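K.L.:
Quick one: sequence and predicted model below, then my questions.
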Amino acid sequence: MAKQVDSVLPGWGLSLGVTLTFLSVLLLLPVSLLLLKVSELSSSEIMAIVSSKRSLAALWLSVRTAIQAAAVNVIFGTLIAWVLVRYRFFGRRVLDACVDLPFALPTAVAGITLTTLLSPKGLYGSYLSEWGIDGAYSPFGITVALVFVGLPFVVRSVQPVLEDMNLDLEFAAMSLGASRLQTWVKVVLPSIVPAMVTGFSLAFARALGEYGSVVFIAGNMPLRTEILPLLIMTRLEQFNYGAACVLAAMMLFVSLVILLGTKFLDGGIRTR
Amino acid sequence: MRQAVTDTMDPMWVRACLIGLATLFLAVLLFVPLAGVFLFAFSAGADVFLRAVSNAETLHAAWLTFLAVAVCIPLNVCFGVAAAWAITRFEFRGKALLVTLIEVPLAVSPVVAGLMVMLVYGHQGLLGPILAEYDVKVVFSLPSILIATTFVTFPLIARELIPLMRLQGGHEEAAALTLGASPWRMFFMVTLPKIRWGLLYGIILCAARAMGEFGAVSVVSGHIRGRTNTLPLHVEILYNEYQFAAAFAVASLLALSALVWLTLKSVLELRTQ
């Protein structure tokens, strides 16, 4: 990295030095060690770890529940963003502030609370069991916990776009005879779709790696309700560092792909 | 009147339905669970609650959580300000890469973060033998908790400051220098006041996250009761021992702090609007 434009401002060396030291110690060194650890294994060993029945089940469960949760978040997150931006009603500011609750509330607290509510004797669980749905200790419960942690991402992605939207387009569409629904589908929706996709991928990425809230509600039965982060944890507790590292590297790769994908969608990487 | 216009574009019943649906969803997902934390906390009576929050293990866990927050905030402030200064005030090759790297911890699973800390400082890790020789304990003790917490929170302040400082530009700083200010005087008299609200906002996000971090700390702390348990880990232990009321009592402390962070954040947002 070399400075290309002379700036009159001081602190180039100091600020970049601090930044790079921090990043190297906290991020680059650990990531390289992770990759090094994986590279010590032979490719057949790696394949055996990745393609074991338990790993595949955990991977599929993690991906499936994360997609379901992100999809629910896109629908309700967009609805909430719309209501918060377009309507004025009593309690709007409180609702707006509360959307960030899942960011602020420790995941373990959310985990034990949702588990208690969704367990067969809990407030939600007793209703669900009448319908024959297992609330807690099932993939359904995992999805609920992931919806909880992912909600702010969609709302906070869509909200600013709706706020900046030019109302004239909507008026034009309606004055040309479009119904309100047509206007919404053909004018409003296309302009918020990119933000919805960004929100989806952020919520998905968060849900895929989520541990604290899921570990309580999942029940953690291998092959059935064991998510990938939990399997990594189990392998670590068995001192099986090789397997833990392979699974971790796999998750890291997926997270990076999502991160870069979202940045690309955001209209290229903004640096200026 | 933009507001009057947007409100009347949708018929009354559509507005009512949408507001009702959104409120219902938030009530089921957020409000009922939040109220539940406090209800469950007092479900076995006030004395159980008081005993749970005042016993030595809880107090020690609260102290560790406080330490984690108190250590990671100054570190992240230094990093955040330095990174934002380098990125917004200079042009250099690799800047886009740097910006992306800063955001990586936000996308990484906490468990993976904890695992990576073990790979560096663990007994079988890179620095394990050296640390053992000098008898420095990192994993399964306080330093690893601090490192893991710093890892998961370090992007938060930088991410708040970068867009803000990009928007503000560096003209005032340049003016201060021309008028003869030393670089540090320029930083403390011009830059810091300009970014103080954004910085405070970042600190609040960082504190909330550091207080509640569970996955990464869970991997590295070793769950040693009364020694390396932070509040979220203490909640887990109590819950797994079927001491539900006690677990929720400790959880209610965390929920209360979360509400304090949320309130501070909303106040700050109103202020800056």
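P.N.:
Noted; the coordinates are in hand.
K.L.:
Which residue does the stretch 151-273 of chain B have closest to chain A?
P.N.:
B:G212 (2.8 Å; C-beta to the nearest C-beta). For the C-beta atoms, the positions are set from N, CA and C on the backbone; glycine is no exception.
K.L.:
Just want the phi and psi numbers for the residue nearest to that residue when sequence neighbours are not counted.
P.N.:
Computed as C-beta to C-beta, 6 or more residues apart in numbering or on different chains, the closest residue to B:G212 that is not its neighbour in sequence is A:P106, at 2.8 Å. Main-chain dihedrals, A:P106, degrees, to the nearest 10: phi -50, psi 140.
K.L.:
which ones are touching the residue nearest to A:I80 when sequence neighbours are not counted?
P.N.:
Leaving aside its sequence neighbours, A:I80 sits nearest to B:A22 (C-beta to C-beta, 6+ apart; 4.7 Å). Neighbouring residues of B:A22 by C-beta atoms under 8 Å, 6 or more residues apart in numbering or on different chains: A:76, A:79-80, A:83-84, A:95.
K.L.:
Please indicate which of these has the highest neighbour count?
P.N.:
The most neighbours of any of the contacts of B:A22, using other C-beta atoms under 10 Å in any protein chain shown, belong to A:I80, which has 27 neighbours.
K.L.:
I'd like the distance between that one and A:V161.
P.N.:
Note on A:I80: its distance to A:V161, by C-beta to C-beta, to the nearest Å, is 14 Å.
K.L.:
Find the closest residue to chain A in the stretch 1-150 of chain B.
P.N.:
Counting by C-beta to the nearest C-beta, the stretch 1-150 of chain B gets nearest chain A through B:S109, at 2.7 Å.
K.L.:
Would you agree that residue is in contact with A:M251?
P.N.:
Yes: between B:S109 and A:M251 there is a contact under C-beta atoms under 8 Å: 5.4 Å.
K.L.:
intersection of neighbour lists for the two?
P.N.:
A:208-209, A:228-229, A:232.
K.L.:
In strands only, show me these.
P.N.:
Cross-referencing those against strands under DSSP state E gives no overlap.
K.L.:
which of those lies closest to B:A52?
P.N.:
A:P229 (28.4 Å; C-beta to C-beta).
K.L.:
Which secondary structure state does A:S7 sit in?
P.N.:
coil (DSSP: H, G, I helix; E, B strand; the rest coil).
K.L.:
Which strands or helices does the helix or strand containing A:F148 pack on?
P.N.:
Element membership for A:F148 (DSSP states H and E) is helix A:139-164. Helix A:139-164 sits against helix A:53-86, helix A:101-104, helix A:107-118, helix A:189-209, helix A:212-217, with contacts defined as 3 or more C-beta pairs under 8 Å, 6 or more residues apart in numbering or on different chains; DSSP states H and E.
K.L.:
for it, which positions count as buried?
P.N.:
A:139-159, A:161-162 (16 or more other C-beta atoms under 10 Å in any protein chain shown).
K.L.:
cool, and stretch B:43-60?
P.N.:
Those buried within stretch B:43-60 under the rule 16+ other C-beta under 10 Å are B:44, B:48-49, B:52-53, B:57-58, B:60.
K.L.:
who touches it?
P.N.:
B:41-42, B:225-227, B:229, B:231, B:234, B:238, B:243-246, B:248-250, B:252-253.
K.L.:
contacting residues around the residue of the stretch 151-272 of chain A found nearest chain B?
P.N.:
Here the stretch 151-272 of chain A gets closest to chain B at one residue, A:G209, 2.7 Å apart by C-beta to the nearest C-beta. Residues counted as contacts of A:G209 (C-beta under 8 Å, 6+ apart) are A:229, A:251, A:255, B:107-112.
K.L.:
and which of those residues is nearest B:G170?
P.N.:
Checking the contacts of A:G209 against B:G170 by C-beta to C-beta gives B:A107 as the nearest, at 30.1 Å.
K.L.:
close enough to count as contact, that closest one and A:A205?
P.N.:
Yes: between B:A107 and A:A205 there is a contact under C-beta under 8 Å: 5.1 Å.
K.L.:
Which residues are in contact with each of the two?
P.N.:
A:255, A:258-259.
K.L.:
Low-confidence regions, the chain specifically.
P.N.:
Picked chain A for this. A:1-6, A:266-272 (pLDDT under 70).
K.L.:
my bad, the chain I had in mind was chain B
P.N.:
B:1-8, B:223-226, B:273.
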